[in-house]
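In: with the sequence up front, the predicted model follows.
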Amino acid sequence: MRMRITGGQVFDLERGFIARDVCTDGGLVAQASGGGETLDAAGCYVIPGLVDVHFHGCVGEDFSDATPEGLQRIADFELSQGVTYICPAGMTLPEDQLTAICKNTAAHRRHNTGGAEVVGAHLEGPFLCMAKKGAQNGDFLHDPDVPMLERLQAAAEGCVKLVTVAPEQPGSVAFIKAAREMDIHVSVGHTVADYSTAKAAFEAGADHATHLFNAMPPLAHRDPGVIGAAYEVPGVQPELICDGIHIHPAVVRLTFDLFGKERMIIISDSLRATGMPDGEYPFGGQMIEVHGSRATILGHPETLAGSVTSLMGCLRQAAAFGIPLADAVRACTYNPARSIGIEDRAGTLDVGKEASLVLLNQADLSIRTVVFKGQVVKG
């Protein structure tokens, strides 16, 4: 299918939003459309499909349940929200359940049954520390274990793209180096690491920081911790949960200014309760309760358990906080794509990239149309 999308303000990585046409030929962005359908984007921003590298589920389903039907429902919902590439996150669970998650991911990728593309898996656990486990289940925490990671990557048929580790745990530096040799990006998170320990982890090859500020020590003037270490290593990309609950708007603005638009990644960290009514839901062997936009561990209202906001909702929230829209879009598209190594085909609307894009109404950033690999799937 060939298509020409005309009349919109198109996201450009270097120039922000510019007036130009976007042409497709089959599933790719093309120099010219050569005829075919015309899609009117007047009054719209035209942005790349979003890329979420850290979320757990939605519409009552959780990635960690490892069911084919659940993963399909997740992929379908995410695509309806303009999130075209997903790298869902598993929880701190026993190895047999982590293996099931990895096998389910590999099988889904083989069968290619529609919805957002599952580009990989993020192992957010179990290589975390007890003191900053957050909503993770402490019964299943595990020291960094290279043979275990090798087994999980084999079960995933090579599609584990990201693993979170607390670098103060025994064997972390060797684990980080081994993970990079397996082409797995390493994120520092759920940690009490001090500045020196975190800096050593980043210098060993960790290049990502899991939901910055959450589940780690704060930035202090005599102990800069993970945040200060991440800032000082240019290749490190920090995640922020921009749901309006996890991070104060002033801190969102400060962090974008500190790290720069080139490094920031917005994530949703969304749970199975996303797209569902208030109530109680299972999560990683525990129960959570949801009231409005806030999800907490049942009986522990002080412990946040993730978000109930989609990545598109987080993009809108970041813009409402005063982040320039082009910077927020970059943090939801190109930057996360680069963080897991898929920027050669996703994250921008350059010629030769996959034609996955979203038309957002300029008035309120609502979705008018979603195009996935050259096909209109919504609108």
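Out: Happy to help now that I have it.
In: mind listing what's buried along the longest helix seen in the chain?
Out: For the chain, the helix with the greatest residue count under DSSP state H is helix 95-111. For helix 95-111, the buried set under the neighbour-count rule, 16 or more other Cβ atoms under 10 Å, comprises Gln97, Leu98, Thr99, Ala100, Ile101, Cys102, Lys103, Asn104, Thr105, Ala106, His108, Arg109. Just so you know, the C-beta spots here come from the backbone N, C-alpha and C atoms, and that holds for glycine as well.
In: and which of the residues you listed is nearest to Ile241?
Out: Closest to Ile241 out of those is Ile101 (21.5 Å), distances taken as Cβ to Cβ.
In: which residues does that closest one contact?
Out: Phe63, Ser64, Ala66, Gly90, Leu93, Ala121 (Cβ atoms under 8 Å, 6 or more residues apart in numbering).
In: what is the mean pLDDT for stretch 197-211?
Out: Per-residue pLDDT values across stretch 197-211 average out to 98.
In: dump it to PDB, restricted to CA.
Out: The C-alpha trace of stretch 197-211 is given here as PDB (Å, rounded to 0.1, in the frame of the first residue of the first chain):
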ATOM      1  CA  THR A 197      29.200   1.800  42.900                       C
ATOM      2  CA  ALA A 198      26.800   3.200  40.300                       C
ATOM      3  CA  LYS A 199      29.600   4.900  38.400                       C
ATOM      4  CA  ALA A 200      31.500   1.600  38.200                       C
ATOM      5  CA  ALA A 201      28.400  -0.100  36.900                       C
ATOM      6  CA  PHE A 202      27.900   2.500  34.100                       C
ATOM      7  CA  GLU A 203      31.600   2.300  33.300                       C
ATOM      8  CA  ALA A 204      31.300  -1.500  33.000                       C
ATOM      9  CA  GLY A 205      28.600  -1.100  30.300                       C
ATOM     10  CA  ALA A 206      25.300  -0.300  32.000                       C
ATOM     11  CA  ASP A 207      23.700   2.300  29.800                       C
ATOM     12  CA  HIS A 208      20.200   2.800  31.200                       C
ATOM     13  CA  ALA A 209      18.600   3.900  34.600                       C
ATOM     14  CA  THR A 210      15.300   2.400  35.600                       C
ATOM     15  CA  HIS A 211      12.600   4.900  36.500                       C
END
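In: name the residues of that stretch that are buried.
Out: Neighbour-count burial for stretch 197-211 flags 197-202, 204-211 (criterion: 16+ other Cβ under 10 Å).
In: go ahead and flag the most central residue of this structure.
Out: Residue closest to the mean C-alpha point of the chain, counted by Cα atoms, centre = their mean, is Val53 at 2.3 Å.
In: what about Ile227, distance to Lys103?
Out: Between Ile227 and Lys103 the distance is 36 Å, computed by Cβ to Cβ, to the nearest Å.
In: sorry, wrong one. I was asking about Ile340.
Out: 20 Å.
In: which residue ranges form the strands in the stretch 251-379 of the chain?
Out: Ranges of strands in the stretch 251-379 of the chain, per DSSP state E, counting those that start in this stretch, are 265-267, 279-283, 286-291, 294-297, 300-304, 357-361, 367-372, 375-378.
In: still on that earlier bit, in helices, which of the buried residues of stretch 197-211 appear?
Out: Among the buried residues of stretch 197-211, the members falling in helices (DSSP H) are Thr197, Ala198, Lys199, Ala200, Ala201, Phe202, Ala204.
In: out of the buried residues of stretch 197-211, which is nearest to Ser293?
Out: Taking the buried residues of stretch 197-211 together and measuring to Ser293 by Cβ to Cβ, the closest member is His211, at 16.1 Å.
In: for that closest one, which residues are in contact?
Out: Here His211 is in contact with His54, Gly189, Glu239, Leu240, Ile241, His246, Ile267, Asp269 (Cβ under 8 Å, 6+ apart).
In: got the phi and psi for the fourth one?
Out: So that's Leu240. Here is the backbone geometry of Leu240 (degrees, to the nearest 10): phi -130, psi 140.
In: looks like it contacts Ser268 (just checking).
Out: No. Leu240 lies out of contact with Ser268 (Cβ atoms under 8 Å); the separation is 10.6 Å.
In: more neighbours: these two, which one.
Out: Between Leu240 and Ser268, counted using other Cβ atoms under 10 Å, the more crowded position is Ser268 (31 against 26).
In: so who does the more buried one touch?
Out: With contact taken as Cβ under 8 Å, 6+ apart, Ser268 is in contact with Asp52, His54, Phe55, Ile241, Asp243, Thr274, Ser307, Thr309, Ser310, Leu311, Gly313, Cys314.
In: let's see 10 Å
Out: Shown in contact with Ser268 (Cβ atoms under 10 Å, 6 or more residues apart in numbering): 50, 52-56, 58, 78, 81, 83, 86, 241-243, 274, 306-315, 332.
In: just the helices in the stretch 51-200 of the chain please.
Out: Taking DSSP state H, counting those that start in this stretch, the helices of the stretch 51-200 of the chain run over residues 68-80, 95-111, 146-155, 172-181, 195-204.
In: redo those as JSON lines? Include distance to Val251.
Out: Output for these, formatted as JSON lines (distance: least, Cβ to Cβ, whole Å):
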{"stretch": "helix 68-80", "distance to Val251": "26"}
{"stretch": "helix 95-111", "distance to Val251": "32"}
{"stretch": "helix 146-155", "distance to Val251": "32"}
{"stretch": "helix 172-181", "distance to Val251": "27"}
{"stretch": "helix 195-204", "distance to Val251": "19"}
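In: who wins for proximity to Ala355 among the ones you listed?
Out: Ala355 lies closest to helix 68-80 among these, at 14.0 Å (Cβ to Cβ).
In: that closest one to strand 367-372, inter-axis angle?
Out: For helix 68-80 against strand 367-372, the angle by axes from the mean of the first three to the mean of the last three Cα atoms, to 10 degrees is 120 degrees.
In: now do helix 68-80: distance to the chain's middle.
Out: With Cα atoms, centre = their mean, to the nearest Å as the basis, helix 68-80 stands 15 Å off its chain's centre.
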